[in-house]
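J.: attaching a predicted model along with its sequence, questions to come.
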Amino acid sequence: MTSSSSPAPPPPPGVVVGVLAVQGDVREHIATIESLGGRAVPVRRASELAGVDGLIIPGGESTTMDKLTRTFGLADPVRERIAGGMPVYGSCAGMIMLSDVLADPSADRLGNPQQTLGGLDMVVRRNAFGRQRESFEADLAFGGLATTGDARGTDPVRAVFIRAPWVEKVGDGVEVLAQVPAAETPQPGPTPDGDGAGADLEPVARIVAVRSGNLLATSFHPEITGERRVHELFIRMIRGEA
Ligand SMILES: NC(=O)CC[C@H](N)C(=O)O
């Protein structure tokens, strides 16, 4: 059984976790890190980035996040830190921001495609599960949580998907941590605006959590369900323990 609210947070991590705070559900990530005894700070400018040991990119709207990170002069500094090995966890829109390639980038009024920060060698499709099921929940087997030493490491993760992306393709170095099984993959309906990639296709399992080196990404939002093990894994990644 999932027991996401049960006790047993790890000892205070002694690390500072930044949460990219240009847009999205920043507070929930800060609260989750703090509930684990960690220190979390919002990051709105490059000078604030310098003081963090790891970064969370929250859920929200990736097109807005893209524009704002560039406007605030944060995009290149974050890219540099990623290249330098800083651990980063991206949730939902954050996963989109960490993807090297988007299957369906949005474009601005001038036709310039949306950009990502990149780092994860994968192709991500935005809003992939389609309008018919903008939001759904599933219990997922999630690899890698046992390394947290948490007794609940192999219990399923209750995952909440909100206009979520899926990972369409991963490069060799990218480990798949969780998939929505075919039987539970919502069948998107026809979408006049192009949202929803899977209409008319047989349901197949969809990749929704990945890790490559110090980069971790989930299509779903553990920070809104009380599930703390993904953040716990991330803290251990920052500490070099996972
Ligand atoms: N909950 C989310 O973060 C949704 C992501 C959003 N659909 C995007 O493209 O950025």
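T.: That came through, no problem. Numbers count the residues shown, from 1 in each chain.
J.: put the alpha carbons of stretch 96-107 into CSV.
T.: The C-alpha trace of stretch 96-107 is given here as CSV (Å, rounded to 0.1, in the frame of the first residue of the first chain):
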residue,chain,number,x,y,z
ILE,A,96,9.6,19.4,-20.4
MET,A,97,12.3,22.0,-19.6
LEU,A,98,14.9,19.3,-19.0
SER,A,99,14.2,17.5,-22.3
ASP,A,100,16.8,17.9,-25.1
VAL,A,101,14.0,17.6,-27.7
LEU,A,102,10.3,18.4,-27.8
ALA,A,103,8.1,16.4,-30.1
ASP,A,104,5.6,19.3,-30.3
PRO,A,105,7.1,22.6,-29.3
SER,A,106,4.8,25.5,-29.1
ALA,A,107,5.7,28.6,-31.1
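J.: mind checking if it is in reach of the ligand?
T.: Yes - counting by C-beta under 6 Å from any ligand atom, contacts between stretch 96-107 and the ligand involve I96. C-beta here means a position set from N, CA and C on the backbone, and glycine is covered the same way.
J.: pLDDT on that stretch, on average?
T.: Mean pLDDT, computed over stretch 96-107, is 96.
J.: could you do stretch 228-235 as well?
T.: In this model, stretch 228-235 has an average pLDDT of 95.
J.: do stretch 177-187 as well
T.: Here stretch 177-187 scores 85 as its mean pLDDT.
J.: over to stretch 142-162?
T.: On average, stretch 142-162 scores 81.
J.: now do that stretch: distance to the chain's middle.
T.: Relative to its parent chain, stretch 142-162 has a centroid offset of 14 Å by C-alpha atoms, centre = their mean, to the nearest Å.
J.: one more: stretch 224-241?
T.: 12 Å.
J.: how about it: buried residues?
T.: Under the neighbour-count criterion of 16 or more other C-beta atoms under 10 Å, stretch 224-241 has 224-225, 227-238 buried.
J.: packing partners of the helix or strand bottoming out on mean pLDDT in the chain?
T.: The weakest-scoring helix or strand in the chain, judged by mean pLDDT, DSSP states H and E, is strand 135-140 (a mean of 92). If contacts are counted by 3 or more C-beta pairs under 8 Å, 6 or more residues apart in numbering; DSSP states H and E, strand 135-140 sits against strand 157-162, strand 175-180.
J.: the first one pairs with which strands?
T.: Read that as strand 157-162. strand 135-140 (antiparallel) (DSSP bridges).
J.: now the helices for this protein?
T.: In the chain, the helices defined using DSSP state H lie at 26-35, 46-49, 62-71, 75-83, 93-98, 229-238.
J.: let me know which of those helices is tucked in deepest.
T.: When those are scored by mean count of other C-beta atoms under 10 Å, the highest mean neighbour count falls to helix 93-98 (a mean of 29).
J.: what does this protein put close to the ligand?
T.: Counting by C-beta under 6 Å from any ligand atom, the residues of the chain that sit close to the ligand are 59-62, 92-93, 96, 126-127, 162-163.
J.: adding distance to L74, write those out as JSON lines.
T.: JSON lines is the format used below for those (distance: C-beta to C-beta, whole Å):
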{"residue": "G59", "distance to L74": "17"}
{"residue": "G60", "distance to L74": "14"}
{"residue": "E61", "distance to L74": "16"}
{"residue": "S62", "distance to L74": "14"}
{"residue": "C92", "distance to L74": "19"}
{"residue": "A93", "distance to L74": "15"}
{"residue": "I96", "distance to L74": "16"}
{"residue": "R126", "distance to L74": "21"}
{"residue": "N127", "distance to L74": "24"}
{"residue": "I162", "distance to L74": "24"}
{"residue": "R163", "distance to L74": "23"}
